[in-house]
Structure formats: C-alpha cells, structure tokens
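> Dropping a prediction and its sequence here:
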Amino acid sequence: MNRNRLYLLIMFCFSVMFVTAQVTTNPSPPYDDQSVTITFNAAEGSQGLMGYTGDVYAHTGVITDQSTSTSDWKYVKSDWGVNIEACKLTSLGNDVFTLELSPSIREFYGVPAGEKIEKLAFVFRSSDSSLEGKTSAGGDIFVDVSTNDLTVTINAPGENSIYAEGASVPIEVSATNATGITIYVNDVETESVSASSLSSTITAGTSGSYTIKAEATDGSATVSDEITFFVRGDVVEETMPANLKRGVNVNEDQSVTFVLFAPDKEFVHLVGSFNNWQISNDYQMKKDGDYFWLTLNSLDANTEYAFQFFIDGNVRIADPYTNKTLDPLDQYITEDIYPGLMAYPYDMTSEIASTFIINKEEYNWQVSDFSSPEVTKMVVYELHIRDFTANGDIKTVTDSIEYFKELGVNAIELMPFNEFEGNDSWGYNPSFYFATDKAYGTENDYKEFIDACHQNGIAVLMDMVLNHSFGQSPFARMYLDGGKPAANNPWYNRDHNMLNPDAQWGYDFNHESADTQELVDSICSFWLSEFNLDGFRFDFTKGFTNTSYPADSWASNFDQSRIDILTRMADEIWSVKSDAIVAFEHLSDNSEERILANHGILLWGNHNHNFNQATMGFDDSDFVWASYKERGWNDPHIINYMESHDEERIMYKNEQYGNSSGDYYVTDIATALDRTEAAAAFLISIPGPKMIWQFGELGYDYSINTCEDLSVSNDCRLSRKPIKWEYYEDENRKDLFDIYSRMINLKKTEPVFSSTDFSMSVASKTKLIALNLTDSDVRLIGNFDVVSQSIKPNFNSTGYWYSYFDGDSVNVSNMDMPYTLDPGQFILFSKKKLNGFIPHTSIGDPTYFKDANIAPNPASDKVNILTGSKPLRRIKVTSITGALMFETRVDASNPQIDISPFPKGIYLIHLIGDNDGYRVFKLLKK
C-alpha cells in the first residue's frame with residue numbers, strides 16, 4: 001500500500017462550538033461542574049427518530065475513570081424503556097430536540113466527587129422504545145466531558161468508517177486549552193492550525209486501512225487522539241455455491257460459508273473475532289444478485305466465534321438467522337442460568353453480535369416421535385418462564401414436570417422465548433427469531449424441557465410474535481429511513497395499516513410480501529424441526545393484513561386477504577408437521593373465525609369478563625359463546641379460557657369487588673376460592689380445548705398490574721410478579737387445584753366430555769351444562785348467585801345418577817326434580833361412575849372405623865394407620881383423580897405405610913375392614 005497517495009483538499013473552518021453531526025452542546029466543551037444543553041438532531045446519524053412526532057427520551061449515563069469500556073455505563077438515569085421527566089427532550093421542530101443537564105453534569109447523574117467523568121453516553125428513543133437515535137453505524141452516542149486539562153478529540157470521520165476510492169473524507173477535530181492542532185494521516189503530517197478546532201477534508205486513496213492522528217498542544221504539553229478508517233475495494237460478483245441457507249453454513253470440509261440476503265445493498269464486510277473485528281478487503285463479501293456470501297477456511301472447529309455483518313459502512317447487524325446472540329446486556333445473565341457464556345466484545349464493536357461454532361454440541365433427543373394430544377382432550381397451561389419459578393429459568397420449569405403431571409395438563413404454552421429485547425420482558429418485543437433467549441438458559445436447556453414434556457405426555461407450544469418487531473431486529477435495521485422501515489424494506493410496511501395507535505407495536509410486518517412469507521415459513525419450520533415443538537400460538541393475527549383500518553378500529557371486520565395469508569401459513573406449517581397445533585389470538589368477527597376454525601386452526605376464546613362476573617356474583621355472566629356449536633363452527637376449535645397473560649386475575653377481582661348478601665361475602669378468600677372451583681368445573685366441562693393461566697389453578701390473587709413493591713398500577717403490567725408456590729400448601733387453594741385436576745382427568749379420559757351432543761344454559765346466575773353420550777350422560781349445575789337458588793338438572797332418565805365430587809348417588813324418579821344450591825355450590829351428576837369417582841365414606845358401614853385415624857398429616861414419608869378397635873384387612877392409596885398408587889393386605893393393627901416415593905400432592909387413604917367396613921382419609925404429601 002502506498003500510504004502517501006492521499007490527495008488533500010484543505011478547507012479550514014474554525015468554530016467555538018463542540019459539534020458532531022448529531023449532537024451539539026452549549027457550552028462547548030461541556031464541563032462536569034456546569035450545566036449543559038444537549039441538542040440532538042434526529043435527521044442525522046442512524047435517523048431512527050427522523051420524522052417522529054411523539055415524546056423523545058434519552059437513555060443516558062456516563063463513562064467514568066471507573067468504567068471498564070465504553071459499554072460500561074455508570075450512573076444510568078433510568079432503566080431502558082422507563083420514561084422519567086428528567087430525561088424527556090423538548091422538541092424544537094424539524095427533528096431537533098434539546099435536553100437540559102442541570103444544575104451540573106455531576107449533580108444530574110449523581111457522580112460522586114473524585115470520580116472523573118470522561119464522556120456522556122446517550123441513546124435517544126421514542127416513548128415506547130421502538131425507535132432509536134444512534135450513530136450512523138448504529139452505535140451509542142458519546143460526548144466528551146472536558147476538564148481544565150489539555151484534550152483533543154477527533155469527531156469525524158468515525159472509527160472504522162468506510163469510504164470508496166476517491167471519496168471525500170471529512171476531518172473534524174476539537175480541543176480544549178489548546179493553541180494548535182496538527183493532523184497526521186498514516187504518520188504523514190497533512191496540516192496544522194493555530195486554533196482549538198479544525199475542519200477539513202481529504203480524498204480517499206487506494207483500498208486499505210488508514211490512521212488519522214490529531215495532536216494538540218498548549219505550547220508546553222502535547223496530547224493526541226487517533227482513529228482508523230477504511231477504503232474499500234470493488235465488490236467481487238460471483239455465483240454462490242448451491243444448497244446454501246441464509247446465515248451460517250458449516251461445509252463438509254469444515255469451512256464456513258456466510259450468507260446474507262440484502263437486496264439493494266452495495267457492499268458488506270464480515271467482521272468478527274476471527275479477524276479481530278477489523279475491516280479488511282479479505283473479508284469483503286462477494287455478491288450474487290440479492291445475496292452476499294463469503295467462505296472462511298482454517299477456523300478452529302471447537303472455538304466459538306462472534307461476528308457481524310457491516311453493511312454499506314453504516315449498519316452493523318448480527319446474523320438475522322443466528323441461533324445465539326451476544327449482547328452488552330449479557331453481563332446481567334448469571335453463570336447458573338447460562339454457564340460459560342461468551343463475553344461481549346465491548347472494546348471491539350457495538351450493537352448485538354451473533355456467534356457460531358463448527359463442532360456444535362448436539363442435543364440427544366430421548367423422544368423423537370411424540371404425537372400431539374387430541375384437540376378435544378387438550379388442556380393448555382400458559383406459562384411465563386420468568387414469573388413461574390424463583391430462578392426464572394427454563395431448567396427449573398423442567399424440574400416442575402411432576403407438578404404439571406399432577407395437574408393433568410397435556411400441553412404447555414411458553415410465552416415468547418426466542419431472543420427478545422432486553423432480559424426482563426414478556427417477550428412480545430422479538431429481536432431474533434432463530435435464537436432462544438439466553439436470559440432463561442441455554443439452547444439445550446430448552447430442548448431438555450421439551451424432551452421431558454414429551455416423555456411425560458405433554459405437548460409444548462411456542463408463543464410466536466410475527467405481527468411486528470422492534471428496533472433491534474436486523475430485518476428492520478437493515479432498511480430504515482427517517483425512523484420508519486424504508487420503502488424498499490423486503491419485510492416491513494413503511495406505515496402501520498391500523499391507524500389505531502393502541503394497535504401499533506414497533507414495525508409492522510408486510511405479510512403480503514413474498515419475502516415475509518419466506519421468513520415466516522423458515523421460522524416455523526426451524527422450531528418444529530430443530531426443537532421438536534408441537535405447534536404455535538400466534539400473537540395478534542388480526543395484524544397479518546395490509547388492509548387499512550381507521551383509528552377507532554381493532555381490525556375485527558371480515559378480511560378475506562387476511563384469511564388467505566393465515567391459511568397459507570397454516571398449510572405450510574402442516575406440510576412440515578402434519579399434526580402441528582396452530583392456534584391464533586385472533587378475536588375477530590365470528591364470520592372470519594368460523595372459516596379459520598373450519599380450516600383446522602384453533603382460535604383463542606376469551607371469556608374472562610363473563611366468568612369473572614359469575615364468580616363475583618353479578619349479572620352479565622353468560623359464557624355460551626364458549627360453545628363452538630353456538631358459533632356455528634364445524635369442530636371444537638376454540639381454546640376457551642377465563643384467564644390468560646393479558647387478562648385480570650379472577651381471584652383478584654373476586655377479593656376486591658365480589659358481591660355479598662347478608663353474611664355471605666364473595667370477597668372472603670375461602671368463599672372466592674369455592675366460587676372459582678365452580679367456574680373451573682364449568683369451563684373445563686365445555687367440549688373443546690381449554691387453557692389455564694399459570695397459578696390460576698391455585699387461585700393466584702395478585703393483579704395483572706401488580707408492581708414489584710406490591711402496589712397496583714397500569715404501568716406495572718409487565719413487571720415481575722410475586723411467585724406464590726406456598727399456595728400449594730394451603731388447603732383451600734389445594735382444593736381448587738384438585739377440582740382442576742379431576743376435571744382435566746375427566747376431559748382426557750371420559751368421551752362424554754368430547755360429545756357433540758351437548759347444550760348450555762348459562763345466561764342466568766344458575767347455570768346448567770348437559771352432556772349426552774350413550775350411558776354416560778352428564779349434568780353440571782351451579783349457583784353463581786350470592787343467595788340460595790333452585791335449579792333443575794334436566795335429567796333425561798330415571799334411576800341412579802352419581803354426584804362425582806361428593807361420592808354420593810341419587811335415585812332419580814322425577815326427571816324434573818329441582819335442586820336447591822347454596823351460593824357458589826355446584827354438582828356434577830353422571831349416569832355412570834366416571835373415572836376417578838370416589839365413593840362417599842358412608843358406603844358400607846360408616847361406623848366401622850369411627851375411631852380410626854392417620855398420623856402425621858401432612859406427611860413426607862411414613863404414615864401411621866391408627867385402626868382403633870376394629871380389625872383392618874386392606875389399605876388402598878389413590879390419587880385425588882382415582883389412580884391407584886398403592887394397595888396391600890394387612891393382618892396387624894396400627895400398620896405403617898411409606899409414601900416417600902409419591903409426588904407431593906393430596907392422596908386418599910382407603911381403610912377396608914370386615915363386613916363392608918370402609919373409611920377414607922385425605923392425606924397431604926409434603
């Protein structure tokens with residue numbers, strides 16, 4: 001390289017202001033003991049907030065002499081996404097905003113005396129954090145803070161800027177307490193001025209790396225600053241090898257080929273730990289139409305490498321198809337959650353990076369042929385990993401498999417666990433669609449959970465967000481223009497098709513685009529094939545349309561184009577896995593949902609309001625719309641629920657707002673739990689799949705808007721919630737759990753609960769569900785009033801009917817006979833003894849074991865059977881659902897049994913003596 005081939009065009013321009021293209025300060029330079037006005041020009045740099053008219057906030061902190069790198073911000077004013085008044089900018093119009101740091105920089109940030117403030121650090125953002133203002137390379141914005149010392153800073157060109165041969169390269173330098181500045185390019189002096197600032201340009205020479213050094217002097221001392229920029233060569237156009245996928249391809253010879261789909265882009269450099277993150281012509285990717293690609297050889301097969309694509313010299317992105325990201329926020333993920341997590345290269349790059357390893361550890365699946373449960377028998381447990389266990393990781397959820405088995409659910413729906421923005425989230429702000437979020441564990445931790453579920457007969461569904469994504473998505477960052485997706489973005493609409501601001505999140509995917517459809521199909525295929533997932537719940541599928549909707553609309557009207565988009569997607573999923581579960585949070589007009597349901601898609605059915613009105617004891621509690629027949633559907637393809645992650649908790653409203661009459665108060669916890677038992681029985685008895693929100697089976701009674709300090713505020717909907725596993729030890733709450741468990745068992749094992757011959761009379765406070773099947777008819781009656789009421793079960797035959805939960809029977813002679821129910825009482829009658837029917841203790845001779853007992857209770861291992869005065873012949877232990885756990889003959893009095901092998905839960909100990917002597921004790925296993 002001829003370092004002297006630089007053609008200089010010197011244009012001196014002296015200034016008394018510290019200036020960058022994006023940010024200016026007044027005064028300039030800023031001093032730590034003075035106030036300062038920050039002026040931010042959103043039309044410069046990344047332009048992520050250009051054209052944005054809403055409130056702009058600064059995510060800001062400082063770099064001090066205690067920082068380990070420029071990523072180690074200190075004294076950050078607020079967490080990401082938290083809007084505080086002190087960080088709210090004032091709009092001056094024309095994309096210009098100001099922020100006052102007062103009474104001084106040191107006091108504004110709260111930096112203690114003695115700690116040197118070196119830089120102010122900023123990322124400017126929209127109020128919902130979906131739009132960001134950063135440098136042109138997508139990095140954080142830094143402003144040097146001056147002292148009375150001699151300093152010099154090169155403000156332009158930026159570090160690692162890329163220019164074409166012959167391009168004009170700007171040089172902007174500012175100094176404090178300086179009398180002169182000298183510029184060197186590759187150690188050759190190019191100009192010198194007797195001033196404290198310099199503005200100039202040079203002409204880029206031949207391709208290669210160039211170093212600019214600025215020296216400032218005050219006549220007795222000299223300081224310097226240095227940056228590197230790169231002049232690129234011509235892009236090589238060459239046909240890409242066949243059979244490559246987008247992203248990282250490990251070839252048979254252990255070479256690695258990187259592939260990036262980037263229409264309309266001019267050039268791309270590959271930077272990473274394999275080249276010390278340096279821009280080089282050796283790592284400039286080849287071009288083949290809309291694709292860029294490059295093959296690397298001689299990489300170590302057992303080394304994990306980090307890398308990025310550097311596009312057109314201004315945008316650094318991680319591989320959009322990466323299976324693992326590196327993020328500056330990874331520093332907050334603990335070793336026990338993700339052992340040996342590769343450190344983010346703070347001093348080498350900015351923005352999220354991707355990783356790969358040639359000899360990647362493969363997971364050894366124990367179950368490879370799992371079949372999804374029948375839709376009519378499916379009970380889904382919706383779960384948020386963060387708020388389910390104290391550790392907040394997927395490994396601990398795996399350790400809870402026995403709990404799910406005891407409850408009886410046969411499907412678990414995990415809220416989004418592909419990589420999302422930040423570490424503390426519900427997950428509906430996705431950033432990378434092919435990577436698991438590291439905040440919950442490793443990739444193989446997730447696979448182990450899915451495998452364990454399959455070993456125990458439980459399907460796993462993934463909550464997938466394909467309506468939108470936010471500012472970290474590489475698919476968005478590649479093509480932004482003025483804070484919006486550019487017109488040529490292959491995947492996103494430039495503007496939301498829904499004008500309702502409450503229905504706008506981040507950037508709106510264009511589902512009519514062939515590129516978006518290819519992306520959607522590849523995402524779904526990846527998770528089904530690589531993770532053995534059993535299906536998906538798709539978030540806000542009403543948004544999968546380009547039809548325009550007005551500001552007062554939630555896009556519920558019939559939309560044929562949306563139907564076409566969604567059925568195409570479902571068909572592609574089923575082409576990969578024929579029994580995959582495809583569920584939508586759609587909530588549109590029934591005319592549209594009926595078509596989707598009849599196509600084989602499952603639709604969420606939200607009945608939170610109606611069921612909660614019933615449990616609180618009020619009118620407007622008709623949940624007949626939970627019947628697929630009432631909707632005119634061919635099949636039971638509605639997943640009914642009374643709680644979800646999005647809805648207020650039933651028990652919270654019971655305790656806060658429940659009705660009353662005389663000395664009967666729904667707000668009493670025990671009473672509220674009893675009424676929730678009735679609601680659970682009615683919900684699960686309706687034919688078709690059901691869903692339970694986590695801990696609803698234990699009567700979770702903290703509001704959806706509970707803050708971490710246990711106050712309640714609408715601003716805290718996404719906050720961490722109290723984890724109340726101790727509820728499982730509470731007898732009243734465990735009774736609710738047992739009702740859920742026994743009803744789920746009936747749904748899975750008794751065909752009558754999948755019958756197509758059923759009716760619902762649920763408009764009033766007394767409610768009836770009738771299920772009919774040969775010799776197995778069921779009648780469920782309940783009183784949701786706060787006073788006693790009479791109701792007819794509408795028996796369709798005389799003779800014995802069995803009361804499932806009481807263990808009693810009734811001889812029906814009059815099919816119109818009424819029952820008087822106490823408030824909150826419910827009875828499940830069946831024509832036959834259903835699975836798990838436990839006879840009342842009065843069957844046989846109820847006085848036989850009148851002085852018998854068991855101790856201790858609760859127990860964890862040994863239980864003593866105190867037989868009293870009568871001989872005991874046999875002991876039988878069953879689960880609450882009737883499953884036989886243990887049985888033995890007994891010849892001695894006061895025997896002891898060992899329950900240590902049993903999972904925690906409630907069991908029934910049956911004592912059987914002579915002449916039909918019989919008694920049942922309830923035992924809590926700790």
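Nice, I can see it.

> could you give the mean pLDDT of stretch 307-318?
Averaging pLDDT along stretch 307-318 gives 96.

> and that stretch, which residues are buried?
307-311, 313, 315-318 (16 or more other CB atoms under 10 Å). Bear in mind the C-beta positions are built from the backbone N, C-alpha and C, glycine included.

> Which of the helices and strands in the protein ranks last by mean pLDDT?
strand 7-9 (a mean of 31; mean pLDDT, DSSP states H and E).

> any idea which helix or strand comes after that one?
Counting by DSSP states H and E, the next helix or strand C-terminal to strand 7-9 is strand 23-26.

> by contact count, what packs against the helix or strand following that next one?
With elements assigned by DSSP H and E, the helix or strand that comes after strand 23-26 is strand 36-41. When contacts are defined as 3 or more CB pairs under 8 Å, 6 or more residues apart in numbering; DSSP states H and E, strand 36-41 sits against strand 23-26, strand 56-64, strand 96-101, strand 117-126.

> and the ones you listed as CSV, adding distance to Tyr75, mean neighbour count and mean pLDDT?
Shown next, in CSV, are those (distance: least, CB to CB, whole Å; neighbours: other CB atoms under 10 Å; pLDDT from 0 to 100):
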stretch, distance to Tyr75, mean neighbour count, mean pLDDT
strand 23-26, 18, 19, 92
strand 56-64, 6, 24, 97
strand 96-101, 12, 18, 97
strand 117-126, 9, 23, 95
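
> Tabulate the ones you listed (CSV), appending distance to Arg232.
Below are the helices and strands packed on strand 36-41 laid out as CSV (distance: least, CB to CB, whole Å):
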stretch, distance to Arg232
strand 23-26, 27
strand 56-64, 30
strand 96-101, 33
strand 117-126, 28
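
> distance of Leu120 from Ala42?
18 Å (CB to CB, to the nearest Å).

> Isn't Leu673 up against Leu736?
Yes - between Leu673 and Leu736 there is a contact under CB atoms under 8 Å: 5.3 Å.

> Give me the common contacts of the two.
Gly699 (CB atoms under 8 Å, 6 or more residues apart in numbering).

> Phe695: what's it in contact with?
Contacts of Phe695 (CB under 8 Å, 6+ apart): 724, 727.

> phi, psi of it?
For Phe695, the backbone dihedrals are phi 70, psi 0 (criterion: degrees, to the nearest 10).

> got the contact list for Ser71?
Contacts of Ser71 by CB under 8 Å, 6+ apart are 140, 328, 344, 346, 350.

> These in strands, which ones?
Under the assignment DSSP state E, the contacts of Ser71 contribute nothing to strands.

> Restricted to buried residues, select those residues in PyMOL.
To isolate the buried members of the contacts of Ser71 in PyMOL, using 16+ other CB under 10 Å:
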select buried, resi 140+328+344+350
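
> what's the closest of the contacts of Ser71 to Met50?
Asp140 (18.0 Å; CB to CB).

> Surely the closest one touches Thr70?
Yes - with contact defined as CB under 8 Å, Asp140 reaches Thr70; the gap is 7.1 Å.

> so what sits against both of these two?
Common neighbours of Asp140 and Thr70 (CB under 8 Å, 6+ apart) are Ala121.

> quick one: the residue nearest the centre of the chain and Met462, what's the gap?
Central residue of the chain (CA atoms, centre = their mean): Gly427, 2.0 Å from the mean position. From Gly427 across to Met462, the span is 10 Å (CB to CB).

> Between the two, which contacts overlap?
416-418.

> Adding neighbour count, write these out as a markdown table.
Shown next, in a markdown table, are the shared contacts of Gly427 and Met462 (neighbours: other CB atoms under 10 Å):
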| residue | neighbour count |
| --- | --- |
| Pro416 | 21 |
| Phe417 | 22 |
| Asn418 | 21 |
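
> now the closest residue to Ile581 other than its chain neighbours, which residues is it bridged with?
Excluding the flanking residues, the one nearest Ile581 by CB to CB, 6 or more residues apart in numbering is Gly535, at 2.9 Å. Listed beta-bridge partners, Gly535: Leu461, Ile581 (assigned using DSSP bridges).

> which residues does Gly535 contact?
By CB under 8 Å, 6+ apart, the neighbours of Gly535 are 372, 459, 461-462, 528, 573, 577, 580-583.

> Next: Asp33.
Taking CB under 8 Å, 6+ apart, one finds 104-106 in contact with Asp33.

> Ala852 too?
Applying CB under 8 Å, 6+ apart, the residues contacting Ala852 are 865-868, 870, 872, 911, 919.

> What of Thr867?
Shown in contact with Thr867 (CB under 8 Å, 6+ apart): 849, 852, 893-895, 911.

> Pop the domain breakdown of the chain in here.
7-232, 247-356, 375-727, 749-830, 853-925 (automatic domain parsing).

> most tightly surrounded among those domains?
domain 375-727 (a mean of 20; mean count of other CB atoms under 10 Å).

> how about the helices in this structure?
With DSSP state H as the criterion, the chain has helices at 105-109, 385-388, 394-398, 401-407, 443-455, 474-477, 514-530, 560-576, 590-598, 608-616, 650-657, 669-685, 731-749.

> Can you name the residues in contact with stretch 36-44?
21-27, 30, 48-52, 56, 58, 89, 94-102, 105, 120, 122, 124, 133, 136, 143, 482-483.

> what are the C-alpha coordinates of it, in PDB please?
Backbone C-alpha positions of stretch 36-44 (Å, rounded to 0.1, in the frame of the first residue of the first chain) are rendered in PDB as follows:
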ATOM      1  CA  VAL A  36     -25.200  21.900  29.700                       C
ATOM      2  CA  THR A  37     -27.800  21.900  27.000                       C
ATOM      3  CA  ILE A  38     -27.700  18.900  24.700                       C
ATOM      4  CA  THR A  39     -29.100  19.400  21.200                       C
ATOM      5  CA  PHE A  40     -30.000  16.300  19.300                       C
ATOM      6  CA  ASN A  41     -30.600  16.300  15.500                       C
ATOM      7  CA  ALA A  42     -32.700  13.200  14.700                       C
ATOM      8  CA  ALA A  43     -32.200  13.700  11.000                       C
ATOM      9  CA  GLU A  44     -28.500  12.800  11.400                       C
END
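
> Distance from it to the middle of the chain?
In terms of CA atoms, centre = their mean, to the nearest Å, the centre of stretch 36-44 is found 33 Å from the chain centre.

> any idea how far Pro687 is from Thr766?
21 Å.

> got a pLDDT number for His910?
87.

> Quick check: the gap between it and Val920.
For His910 relative to Val920 (CB to CB), the value is 5 Å.

> what are the ranges of the strands in the stretch 201-350 of the chain?
Along the stretch 201-350 of the chain, the stretches classed as strands by DSSP state E, counting those that start in this stretch are 208-217, 222-232, 247-250, 256-261, 268-272, 286-288, 291-296, 305-311, 315-317, 325-326.

> In CSV, list the ones you listed along with distance to Glu382.
Converted to CSV, the strands of the stretch 201-350 of the chain look like this (distance: least, CB to CB, whole Å):
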stretch, distance to Glu382
strand 208-217, 53
strand 222-232, 50
strand 247-250, 31
strand 256-261, 34
strand 268-272, 39
strand 286-288, 44
strand 291-296, 40
strand 305-311, 35
strand 315-317, 32
strand 325-326, 26
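
> show me the contacts for Lys833.
Applying CB under 8 Å, 6+ apart, the residues near Lys833 are Tyr802.

> scratch that, Gly233
Counted by CB under 8 Å, 6+ apart, Gly233 has contacts 165, 207, 281, 284.

> From Ser280, how far out is the first one?
As for Glu165, its distance to Ser280 is 16 Å (criterion: CB to CB).

> next one: Ser644
From Ser644 to Ser280 the distance is 51 Å (CB to CB).

> before we move on, the earlier item: to Glu191, which of the helices and strands packed on strand 36-41 lies closest?
Comparing the helices and strands packed on strand 36-41 under CB to CB, the one sitting nearest is strand 23-26, at 24.0 Å.

> ok now that closest one, how far from the chain's centre?
38 Å.
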